[in-house]
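Asker: mind folding the following:
(chains A and B)
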Number of protein chains: 2
Amino acid sequence: MSEKMDQLKAILGEVSDLGRAAAVLGWDQQVNMPPGGGEARGRQLGTLGKIAQEKFIADEVGQLLDDLKSEFEPGSDEAAMIRVAARGYEKAKRVPPSFIVEQAVVTAKAFDAWVEAKAKSDFSIFQPHLEKVVELVRKYVSFHPQADHPYDTLLDDYEPGMKTADVQAIFDELRPQQVELIKAIAASKQVKDDFLHKKYNEKKVWNFSETIIKRFGYDFNRGRQDKAPHPFETTFSVNDVRITNRFETDNPLATLFSAMHESGHAMYEQGVNPAYERTALESGASLAIHESQSRMWENIVGRSLPFWEHFYPALKEIFPSQLDGVGVRAFYKGINKVEPSFIRVNADEATYNLHIMLRLELEIAMVEGKVNVKDLPEIWNAKMQEYLGIVPPNDAKGVLQDVHWSGGSIGYFSTYALGNLVSAQLWEKIEKDIKGLDEKFRKGDFSELLGWLHKNIHQYGRKFEPQTLMLNVTGSKITPAPYVRYLKKKYGEIYGL
Amino acid sequence: MSEKMDQLKAILGEVSDLGRAAAVLGWDQQVNMPPGGGEARGRQLGTLGKIAQEKFIADEVGQLLDDLKSEFEPGSDEAAMIRVAARGYEKAKRVPPSFIVEQAVVTAKAFDAWVEAKAKSDFSIFQPHLEKVVELVRKYVSFHPQADHPYDTLLDDYEPGMKTADVQAIFDELRPQQVELIKAIAASKQVKDDFLHKKYNEKKVWNFSETIIKRFGYDFNRGRQDKAPHPFETTFSVNDVRITNRFETDNPLATLFSAMHESGHAMYEQGVNPAYERTALESGASLAIHESQSRMWENIVGRSLPFWEHFYPALKEIFPSQLDGVGVRAFYKGINKVEPSFIRVNADEATYNLHIMLRLELEIAMVEGKVNVKDLPEIWNAKMQEYLGIVPPNDAKGVLQDVHWSGGSIGYFSTYALGNLVSAQLWEKIEKDIKGLDEKFRKGDFSELLGWLHKNIHQYGRKFEPQTLMLNVTGSKITPAPYVRYLKKKYGEIYGL
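Answerer: Residues are numbered from 1 along each chain as shown, chains lettered A, B, ... in the order given. So this is what the prediction gives:
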């Protein structure tokens, strides 16, 4: 059997190498590539993806997975490798190569249409393309065994084992409590954050972001931060995990929080068991678990008072005029200002999940065929009014704001909100396990936190499905209660509710 | 037939994509990669190379090449694509995969040993590894049909169609004339170049290098210059051709000449017929033809008086104190100072080829088995005395200076010298075809030169073998006479010979 396992590992190792080579090409495309390079880069990425897919769905792989499926002790790394690989294999086998080609063509055009539609704030430009995308997504669902709900098939690609009904139940519990909180905040005295929108020197902000994430424990010997149009994290190996960031003149300190966010993803990847490299267990458990790490470092840590009690004096020394007269508490309140807004990526912690719920509801309705694409702008605006009490002035700030649908990515918005919930759920456990966390943060010491995350989450890679992992670590599947408690405590204190 | 040609193009297109993806990974390794990334990067490059090789030497490719070999009009692009691909296929088929693995292992260790040996200037550390490398090179030769000389097989990989005897005949004609010239220069009044070794600001030099190469016509919309330990050019597609450069504090203006050199390679690649992309005709005709382009821009253009009559005022404005009291003629003489030296890469135009001849002679002797590796340092030093009149103080500055042998690259040193010869041979033709070239350079206008090179050399990619190309363009195969005329004229004037 060990010979067959070696054969399987050799093939999956090459599939992994191809995927990570593609990640390098993708990173370069965002960070360095000169304007002329795009066309050839697309072809090269296409070839790498095609070869990886061919290798992965080869009959030999199916045979080896079959031969090996009962060979290893349940709970062992090997058994998990076989299980996760077999799961991916079964899924990949069901999708005909012709569909992948068709999808690539449709989404390439849809992306261009979306760019134009957003620029002109004209949904009608995007509409016919989104209709095709939705059609393809429904076709994709049809390749797979019937689930309780057609959306399950899509969600499962990002959150293994998670059901649409589970997410709906969680969101149904969460929604009224978040809406209520936002109303209470709206009715109270507002906080000031004008000092966040002054002119800040880009290089100094950038350097400060690196000071912070180095202190967190993001290892620059095994990573780096570069400028790109959008912040993201990408993994070339457990020892080369990179992040990107940007600088927006109208929101200059957002660079700090983006760095914390992406370094949260990166520290996860840097902490995966190196023995899982080039196997099905490399990388993180799911998008939600991944997002829990980024949101924990960005929000629970990076927007906390103890954190800024440590870092604020240094920041103020670098930007004395911008922060003149602003004490650490005022700064803390400013970076936690709650304000219903149109754009998801800029939303604060209290309103963010409502943006997600809106999208999830629309996606489910599209997949069910219960909503016409042409009606999306209207429904979008109605839900914005209902959840956040505001209506976007145009579709660019409404239904057209996100890139995801143009790329055929339907099914993963919910993982962003689940990530928030997971972060708070883990946090309650962390606070039990590590005493005096606030005091450590005040000293700029994050080592015990990172150690806990490495030990309890990171090292396992994809070994456990997300709900199993949460059950193992916190004693409960994903639940919204800790996040609601977290929000109420934090904003109750800030807004004096 | 068109269907078979399409099949072949599809496969060779993927092979090209894999090679160029590997180039991106290699570039990133030199330019960006954090220290931890090396091990995984090596594996990823290994996988890309292995898959490309498997695809290329598949029996299907052999069958298609065979079926197509007489199908196209001689002289057509298609016929050339088949010819060049078949040539590569025949060669690749002869090398067993096990040999490639063995070579990778041996050269990886040899490289590490070379690094240590050079650092300690102790040839004995490198010696056993070089012995294995030479053994492998001889084994490689044995896989191929017997040639007039065993070294032919190696040379042919870099200079298709070129024979060892041809190169020896060229060098035999060249050697005494270069030695004589150097003696004459040594006996005349020396030029000053102290101003080249003052302190120059790195960023300003770097920016000036980009000013120059933009003016040359290197297209930054399809390229970029980055910092790396060694200058090199690399091609990801005809529309993404990058160069690297470095800054050495003890030789600060070398950055300018390296940029000119690498941009010469890059403009070649940017000028290849885009229809050749992803076929056997992409990239340049041979290493010598490639080097002729880099050396032409670096030396014939970049170390000429008309060139500096244009650029020197701007340089002097940026570095007024460093160049205080140095007129353009003094500057021109300084950058063309001839001085026998130990290190090839720093050698001036008059002595450079002698460094190459020495290496070629040693390589041929090693491949013939006529010299023992352990005797190399002694032979090296004797030849340095004979050709350049100096003896290296240690092996780090002698036999250990170049990386090439540690990587198994035996057979291509001569292309560096051939490139010099080709550059001068082309130049004589260019001066006939373009009138008033000096005057154009004085105005900073290089467009006609680049246009000529695009039209006569670049566009053809690998369509013609180097000797055929030279015959087509200049009416003669590679010959040393133009280079000797070029050197005598230039240095005769500078040194008043």
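Asker: which strand or helix spans the residue nearest the centre of chain A?
Answerer: Residue closest to the mean C-alpha point of chain A, counted by C-alpha atoms, centre = their mean, is A:E291 at 4.3 Å. Using DSSP states H and E, A:E291 maps to helix A:287-295.
Asker: just to revisit the earlier point, what about the residue nearest to the centre of chain A, distance to A:E349?
Answerer: Going from A:E291 to A:E349 by C-beta to C-beta, to the nearest Å gives 13 Å. In this view, the C-beta of every residue, glycine as well, is placed from N, C-alpha and C.
Asker: pLDDT of the helix holding A:E291, averaged?
Answerer: The average pLDDT for helix A:287-295 rounds to 98.
Asker: list the contacts of it.
Answerer: Helix A:287-295 is contacted from outside by A:158-159, A:162, A:233, A:261-262, A:264-265, A:267-268, A:284, A:412, A:414-416, A:418-423, A:426, A:453, A:457-458, A:466, A:469, A:478, using C-beta atoms under 8 Å, 6 or more residues apart in numbering or on different chains.
Asker: helices of the stretch 101-250 of chain A, start to end?
Answerer: A:123-143, A:150-158, A:164-186, A:202-216 (DSSP state H, counting those that start in this stretch).
Asker: got CSV for the ones you listed, with mean neighbour count, distance to A:K370 and mean pLDDT too?
Answerer: Below are these laid out as CSV (neighbours: other C-beta atoms under 10 Å in any protein chain shown; distance: least, C-beta to C-beta, whole Å; pLDDT from 0 to 100):
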stretch, mean neighbour count, distance to A:K370, mean pLDDT
helix A:123-143, 18, 12, 97
helix A:150-158, 21, 11, 96
helix A:164-186, 17, 14, 95
helix A:202-216, 18, 44, 98
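Asker: of the ones you listed, which is nearest chain B?
Answerer: Nearest to chain B among those is helix A:202-216 (13.0 Å), distances taken as C-beta to the nearest C-beta.
Asker: centre of the chain to that closest one, how far?
Answerer: 22 Å (C-alpha atoms, centre = their mean, to the nearest Å).
Asker: make JSON lines from the helices of the stretch 101-250 of chain A and add distance to B:V238 to it.
Answerer: Formatted as JSON lines, those follow (distance: least, C-beta to C-beta, whole Å):
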{"stretch": "helix A:123-143", "distance to B:V238": "30"}
{"stretch": "helix A:150-158", "distance to B:V238": "37"}
{"stretch": "helix A:164-186", "distance to B:V238": "48"}
{"stretch": "helix A:202-216", "distance to B:V238": "34"}
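Asker: make JSON lines from the ones you listed and add distance to chain B to it.
Answerer: Shown next, in JSON lines, are the helices of the stretch 101-250 of chain A (distance: least, C-beta to the nearest C-beta, whole Å):
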{"stretch": "helix A:123-143", "distance to chain B": "25"}
{"stretch": "helix A:150-158", "distance to chain B": "25"}
{"stretch": "helix A:164-186", "distance to chain B": "35"}
{"stretch": "helix A:202-216", "distance to chain B": "13"}
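Asker: which one of those helices lies closest to A:P313?
Answerer: A:P313 lies closest, by C-beta to C-beta, to one member of those: helix A:202-216, at 12.2 Å.
Asker: what's next to that closest one, contact-wise?
Answerer: Contacts with helix A:202-216, where a contact means C-beta under 8 Å, 6+ apart, come from A:220, A:225, A:245, A:247, A:252-253, A:255-256, A:258-260, A:263, A:267, A:297, A:301-302, A:311, A:314-315, A:318-319, A:444, A:446, A:450.
Asker: sort out for me which of these are in strands.
Answerer: A:225, A:245 (DSSP state E).
Asker: any of the contacts of helix A:202-216 buried? List them.
Answerer: Among those, those buried by neighbour count (16 or more other C-beta atoms under 10 Å in any protein chain shown) are A:225, A:245, A:247, A:252-253, A:255-256, A:258-260, A:263, A:267, A:297, A:301-302, A:311, A:315, A:319, A:444, A:446, A:450.
Asker: and A:E317, how many residues sit next to it?
Answerer: The tally of other residues near A:E317 (other C-beta atoms under 10 Å in any protein chain shown) stands at 9.
Asker: name the nearest residue to A:N472, sequence neighbours excluded.
Answerer: Spatially, and ignoring its direct neighbours in sequence, A:N472 is nearest to A:F464 (6.6 Å; C-beta to C-beta, 6 or more residues apart in numbering or on different chains).
Asker: ok, back up a step: out of the contacts of helix A:202-216, who's near chain B?
Answerer: The residues of those that also fall near chain B, by C-beta under 8 Å from any C-beta of the partner chain, are A:F220.
Asker: shouldn't A:V179 be in contact with A:Q385?
Answerer: No - using C-beta atoms under 8 Å, A:V179 is not in contact with A:Q385, being 11.9 Å away.
Asker: tell me how far stretch A:123-130 lies from the chain's centre.
Answerer: Taking mean C-alpha positions (C-alpha atoms, centre = their mean), stretch A:123-130 and its chain are 26 Å apart.
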